[in-house]
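In: would you be able to build a 3D model of this:
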Amino acid sequence: MTAFQVRTCEIGKTVVLEAIGKLTLTEGRTNIRDTIHVLSASGHKRFVLNLAKVETIDSYGIGELARSYSVVRQMGGGMKLAAVSERVLKALEISRLNTIFEIYPNESEAIGAFESGA
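Out: Predicted coordinates:
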């Protein structure tokens, strides 16, 4: 089993972060938030977090998403979620974070929402 990973790539002015593995207290740590901190500090404002390959999320992982969102907003940016699995979506609904995040079925629609000003 591999450790939790975050892969990044830039598509236009948007940074796509692909989360892979278990976003949990024991696995996820602060990888997403740390990556966003570094990218925000270097001037990036638009983030899409692709959660298609997140196997499991717990309350720590939910908190990590909320803290990452807060970091982006404090820097004057935006963050959208893409390709959220049913399991992760249920956790977002239970925590009511589905009312805070814009959630899209795939990366291209999330990026398109930035392009169209949504």
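In: pLDDT wise, what is the closest residue to residue 107 other than its chain neighbours at?
Out: The shortest distance from residue 107 to any residue other than its chain neighbours is 4.7 Å, reached at residue 82 (CB to CB, 6 or more residues apart in numbering). Every C-beta, even on glycine, is put in place using the N, C-alpha and C of the backbone. If you check residue 82, the pLDDT there is 98.
In: next one: residue 29
Out: Among the per-residue scores, residue 29 holds a pLDDT of 80.
In: likewise residue 26?
Out: Note on residue 26: pLDDT of 88.
In: sec struct for it, please.
Out: Recorded secondary structure, residue 26: coil (DSSP: H, G, I helix; E, B strand; the rest coil).
In: now the strands: where do they sit in the protein?
Out: Secondary structure of the chain (DSSP state E): strands at 5-11, 14-23, 46-57, 78-82, 102-104.
In: low pLDDT regions in the chain?
Out: Across the chain, residues meeting the criterion (pLDDT under 70) sit at 1-2, 118.
In: could you check the angle strand 46-57 makes with the helix ranked longest in the chain?
Out: Here the longest helix in the chain is taken by residue count, with DSSP state H as the criterion, and it is helix 59-74. Angle between the axes of helix 59-74 and strand 46-57 is 170 degrees (criterion: axes from the mean of the first three to the mean of the last three CA atoms, to 10 degrees).
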